[in-house]
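*Asks:* no sequence on this one, just coordinates:
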């Protein structure tokens, strides 16, 4: 029997979700499941057990768990002491920046956890306080949604991952841990971001990377949380949104300028990402 694959319906341009202080009851938990998103779980209150990749962990107040993408897991909250926890879900593409050549990998803690098969992190008091502050800030940013809130959330996530990468559990791992994201993926993401209209699709990108289309597609989805077409379309829609609000070009002209070969395709992609038709978006924005 295949494990349940939890679906996510996130904005492709911001693959992030925060479940803040959710209450976990034993009769409402998901069965054994996995998902493409990377996950950080912090326990505020309660007790129970956590099954992750074949191991059981006690789960209690101030515990932190890191779960790499596509790792089988399941929570078992206590019937009499329900878990209150915050879960942070994100795709690696959200925090992958160009290297500053200091060897830092924001996913290092996940890579080491996967290699050691150890997913529970013991927290010092200063680190626990930092994590609680980051979570509180994230919740506030999501609630207020002030100008630049997505950048604020990304910065908070980067801070959290940096602090975890400096944890003794991570630093004491003397064996080399290869970075999760290969250079050809960095190159492909850069090419798409630079020119999503002319970057091509899976065939062109995989050929340029000298990687088979199947392998390219699998790794790309692991990193971004979406397939190549979805990711490229999301970037093209960003351009389309700007053109709709800053020009008087008709919708068909904008669709063609953004690389969409048919109006139906453009309308479907636009509405999936924005929740509006192109015309409705233009009217709302003016």
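*Replies:* Everything's here; your move. Nothing here was measured: the structure is a model prediction, and the numbers come from that model.
*Asks:* I'd like to know how far residue 277 sits from residue 106.
*Replies:* 37 Å (CB to CB, to the nearest Å). To be clear about C-beta, it is placed using only N, CA and C from the backbone, and glycine gets the same treatment.
*Asks:* More neighbours: which of these two?
*Replies:* A count of neighbours by other CB atoms under 10 Å puts residue 106 above the other of residue 277 and residue 106, at 21 against 14.
*Asks:* Please tell me I have it right and that one contacts residue 159.
*Replies:* No - if you go by CB atoms under 8 Å, residue 106 and residue 159 don't touch, sitting 10.4 Å apart.
*Asks:* what secondary structure does the residue of the chain most remote from its centre sit in?
*Replies:* Farthest-out residue of the chain from its mean C-alpha position, per CA atoms, centre = their mean: residue 248, at 35.2 Å. Following DSSP: H, G, I helix; E, B strand; the rest coil, the label given to residue 248 is coil.
*Asks:* and what of residue 221?
*Replies:* When classified by three-state DSSP, residue 221 comes out as helix.
*Asks:* could you list every residue that touches it?
*Replies:* For residue 221, the contact set (CB atoms under 8 Å, 6 or more residues apart in numbering) comprises 36, 227.
*Asks:* please begin residue numbering at 9 from this point
*Replies:* Fine by me, first position is 9 from now on; the one you just mentioned is residue 229.
*Asks:* pLDDT on stretch 265-272, on average?
*Replies:* Across stretch 265-272, pLDDT averages out at 90.
*Asks:* ok now it, how far from the chain's centre?
*Replies:* Centroid separation between stretch 265-272 and its chain, computed with CA atoms, centre = their mean, to the nearest Å, is 27 Å.
*Asks:* so how far is the first residue of that stretch from its last?
*Replies:* 15 Å (CA to CA, to the nearest Å).
*Asks:* Repeat that for stretch 99-113.
*Replies:* Counting by CA to CA, you get 14 Å between the two ends of stretch 99-113.
*Asks:* Could you do stretch 70-84 as well?
*Replies:* With CA to CA, one end of stretch 70-84 sits 17 Å from the other.
*Asks:* For it, buried residues please.
*Replies:* 71-77, 79, 81-83 (16 or more other CB atoms under 10 Å).
*Asks:* Equivalent analysis for stretch 20-30, please.
*Replies:* For stretch 20-30, the neighbour count (16+ other CB under 10 Å) marks 20, 23-26, 28 as buried.
*Asks:* and residue 93, how many neighbours?
*Replies:* Residue 93 has 26 nearby residues by other CB under 10 Å.
*Asks:* Let me see the confidence value for it.
*Replies:* 96.
*Asks:* Next up, phi/psi of it, please.
*Replies:* According to degrees, to the nearest 10, the main-chain angles of residue 93 amount to phi -140, psi 160.
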